[in-house]
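In: Using only what follows, build the 3D model:
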Amino acid sequence: MIALSAKNAILIVEFAVDYRKAGMSVRDAALEAGRVRLRPILMTSLAFVLGVMPLMFASGAGSEARIALGTAVVFGMFTNTIFGTLFVPNFFLITDKKDYKDSDTESQSHKEKFETFIEDKVKLLQGIASFPAVISMSQKKQSELLKNRADELGFLHLFVMDTKGQGFYID
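Out: Residues are numbered from 1 along each chain as shown. Below is the predicted model of the structure:
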């Protein structure tokens, strides 16, 4: 329940920040983020509440504990949904003082750092692929070696070009 409410709040704030970066005022960004996220929050919360509802109507051995737990969770989620959707955009409105016009240079700097990071990883893979021991391997063994190294480096897919200029993907 706590994780779900935290996720909802994080997404509302993330949407509001995106709207602020797009040039909206703080008030408009907070209202639009709350409006856009309202339906998914209500759907998720309703599914959660309906999933826990059988605990409220338990019978049999140990039913008192299940009823108490179910009641607390259902009404806690209900209360959290109401207060979270109302207060998070308002708290964003109160606390957001950042000017997002200057953040374009920051994001460009982060983008350049990321591109440099990826280029370094690609150069490392290219270096491994150009070793004489690797070149003399069969294509299958080369693929396995490069795939293992790509996994270690964090690549999801790897495109390899052989000496004949033919490329293939390694997943």
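In: what's in contact with stretch 24-40?
Out: 8, 11-13, 15-17, 19-20, 85, 88-90, 92-93, 96 (Cβ atoms under 8 Å, 6 or more residues apart in numbering). Using the backbone N, CA and C atoms, a C-beta is placed for each residue, glycine as well.
In: Helices of the chain, residue ranges please.
Out: 2-21, 26-56, 63-95, 103-129, 132-135, 139-153 (DSSP state H).
In: ranking these by mean pLDDT, which is last?
Out: Ranked by mean pLDDT, those bottom out at helix 132-135, with a mean of 53.
In: before we move on, the earlier item: drop anything exposed from the contacts of stretch 24-40.
Out: Using 16 or more other Cβ atoms under 10 Å as the burial test, those include 8, 11-13, 15-17, 19-20, 85, 88-89, 92-93, 96 as buried.
In: Which residue ranges make up the domains of this protein?
Out: Following automatic domain parsing, the chain resolves into domains at 2-95, 113-170.
In: can you tell me the distance between the two ends of the first one?
Out: In other words, domain 2-95. 22 Å (Cα to Cα, to the nearest Å).
In: ok, Ile73 touching Met53?
Out: Quick fix: residue 73 reads Val, not Ile. No - assessed by Cβ atoms under 8 Å, Val73 is found out of contact with Met53, at 9.4 Å.
In: quick one: which of these two has more around it?
Out: Val73 (18 against 12; other Cβ atoms under 10 Å).
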